[in-house]
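Novice: here are the coordinates; sequence isn't available:
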Ligand code: SF4
């Protein structure tokens, strides 16, 4: 895995510029993810990579295309000091793991390897076994992530109600 | 126990007597909104759930506004998808070209949102309707899909920042300057996960259009919603536009706020947000000479009637600077027609500006005025992120319609106050 590291206020207009919002195909969106601030991202990101960023990641427009593009680029987890609120709910609704952890966001570098335990609320840095703790999700949200997002969770709920 | 205005509205919509900040709730929705970018994604998710029908055909609004009239084949196909969904599901509030407008100007005008409502929209500027005393907030397409299917949405109950307005705006300052000032003060994440509740005797002097502009940009401070205390002006607006029953909620006098910010309106100067964040605000005493290529008056922030009025008043008998392209976009068909009747459109054209049919267009770099390499625009829109309006090297300066219009005449970023002093 690789880490892509960014600063504060990475907005959804740079995650996926509006000029590509005439498409909805995830793979196609991924080809343009981050291109206005980091040309190397779409070329190099592969399955299992991680984004580490500063404050207010995902601010701006409500476009879910931003989460879709990041997910389709292979990113499994975004760690930031904190997230803009619409991005936060979009990510959870689509089952993308996002973690708010100030120390990890500051200290992790592009060279680090990580192991993430969402249930325990721990990020382990492999090279020195350093543990970064974060507040685990409340049950309601953990459930949603484990069910791969809100659509599936709602589907299950609607089915149960119908019985 | 005491609650903020937002907490009271949420409590009433999940049948609870009391809510505390941080709690997760599922609330009933009064309106679910989507546009030509976000609704097609939501429709795919909706289909996956295999529900038989939408929760309420009168409580869903679908507005093709971002890329309309369609700019290319892809966007025409997105519009088809939304149009067909609207037809199949008998959505009452689908607004075809000819009836449409930018969603956040259109919904209040059509009376689809009133005080006390809970509204979600798959568009971040859904927070605009807070001006009416509603809880309204932007969400993503997945939430929209589930909202259409179940009439419910999950929320974490927010804390709030109280913004107390005093005094009165002076000449050439407007709601836009107030909200830019506030964002400059607290930053683009200053209200993250929180409500911004606007109150105070200064409210009296703000027009509804000022309030819509202020609530519209609450998201630019990271807020979940911006909401205004309901007064006589709000009630008069709702009565004139809607048949729905409004319910007025007010914050308890001892409600808890994480922060209280006082803004004396009489001290608000014409304000500009410099690239590339809405928090990079400056007033004219700190603004150097900056030549510009384009001016946009429009968007869900400042494409309303009052905005066109001030633009026309300044442009009357004047000419747009030869180095500048000025694009004026009324936010809805009704605003367009009212501006036409008032003689504004003629003033715009005589001054050398172009007038477009309602659309988001250049605001998000969609069409109708995209910026090229290194170009600079003064825009009455709400975001000046890298590449938002075109090339990644282009620059956007956010301002009020008055500042934008005077700048169009002068060919450089200019203050209306100095302009009228002849400086
Ligand atoms: S005018 Fe701009 S900010 Fe408003 S809804 Fe349209 S694209 Fe979004």
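Specialist: Nice, thanks for sending it over. What you are looking at is a predicted structure, and each value in this text was computed from that prediction instead of being measured. Numbers count the residues shown, from 1 in each chain, chains lettered A, B, ... in the order given.

Novice: Provide the secondary structure category for the spatially most central residue of chain B.
Specialist: Here the mean C-alpha position of chain B is nearest to the C-alpha of residue B:216 (Cα atoms, centre = their mean), at a distance of 3.3 Å. Put simply, residue B:216 is helix when judged by DSSP: H, G, I helix; E, B strand; the rest coil.

Novice: And residue B:126, by the same measure?
Specialist: Classified using three-state DSSP, residue B:126 is helix.

Novice: do residue B:327 as well
Specialist: Three-state call for residue B:327 (three-state DSSP): strand.

Novice: what is it paired to in the beta sheet?
Specialist: Note on residue B:327: beta-bridge partners by DSSP bridges are residue B:296, residue B:354.

Novice: What is the neighbour count of it?
Specialist: Around residue B:327 there are 21 other residues, counting by other Cβ atoms under 10 Å in any protein chain shown. Every residue, glycine included, has its C-beta placed from N, CA and C.

Novice: Who are the contact partners of it?
Specialist: Residue B:327 is in contact with B:294, B:295, B:296, B:297, B:298, B:353, B:354, B:356, B:362, B:368, B:369, counting by Cβ atoms under 8 Å, 6 or more residues apart in numbering or on different chains.

Novice: Next, count neighbours for the residue nearest to the last one when sequence neighbours are not counted.
Specialist: So the one you mean is residue B:369. Once flanking residues are discounted, residue B:369 sits nearest to residue B:362: 3.6 Å by Cβ to Cβ, 6 or more residues apart in numbering or on different chains. For residue B:362, the neighbour count with other Cβ under 10 Å is 26.

Novice: Residues in contact with the helix or strand of chain A with the lowest mean pLDDT: which ones?
Specialist: One helix or strand of chain A scores below all others by mean pLDDT, DSSP states H and E: helix A:139-146, with a mean of 87. Contacting residues not belonging to helix A:139-146 are listed as A:92, A:93, A:95, A:97, A:118, A:119, A:136, A:137, A:150, A:153, B:24, B:154 [Cβ under 8 Å, 6+ apart].

Novice: at 10 Å what do you get?
Specialist: If you take Cβ atoms under 10 Å, 6 or more residues apart in numbering or on different chains as the criterion, helix A:139-146 is touched by A:88-89, A:91-98, A:118-119, A:136-137, A:150-154, A:156, B:24, B:26, B:154, B:156.

Novice: what about burial for these, which qualify?
Specialist: By neighbour count, with 16 or more other Cβ atoms under 10 Å in any protein chain shown, the contacts of helix A:139-146 hold A:88-89, A:91-98, A:118, A:137, A:150-151, A:153-154, B:154, B:156 as buried.

Novice: any idea how far the residue nearest to the centre of chain B lies from residue B:10?
Specialist: From residue B:216 across to residue B:10, the span is 21 Å (Cβ to Cβ, to the nearest Å).

Novice: now residue B:208
Specialist: Following Cβ to Cβ, the distance that separates residue B:208 from residue B:10 is 24 Å.

Novice: Which one of the two is surrounded by more residues?
Specialist: Ranked by neighbour count (other Cβ under 10 Å), residue B:208 and residue B:10 place residue B:10 first, with 24 against 21.

Novice: In helices, which of the contacts of helix A:139-146 fall?
Specialist: A:88, A:89, A:91, A:92, A:93, A:150, A:151, A:152, A:153, A:154, A:156 (DSSP state H).

Novice: what residues does chain A put near the ligand?
Specialist: Neighbours of the ligand within chain A, by Cβ under 6 Å from any ligand atom: none found.

Novice: mind listing the strands for chain A?
Specialist: Assigned by DSSP state E, chain A shows strands spanning A:3-5, A:50-53, A:77-80, A:97-100, A:114-117, A:122-125, A:130-133.

Novice: so how far is residue A:82 from the residue of the stretch 151-300 of chain B found nearest chain A?
Specialist: In the stretch 151-300 of chain B, the residue that lies nearest chain A is residue B:189 (4.0 Å; Cβ to the nearest Cβ). Separation of residue B:189 from residue A:82 (Cβ to Cβ) stands at 7 Å.
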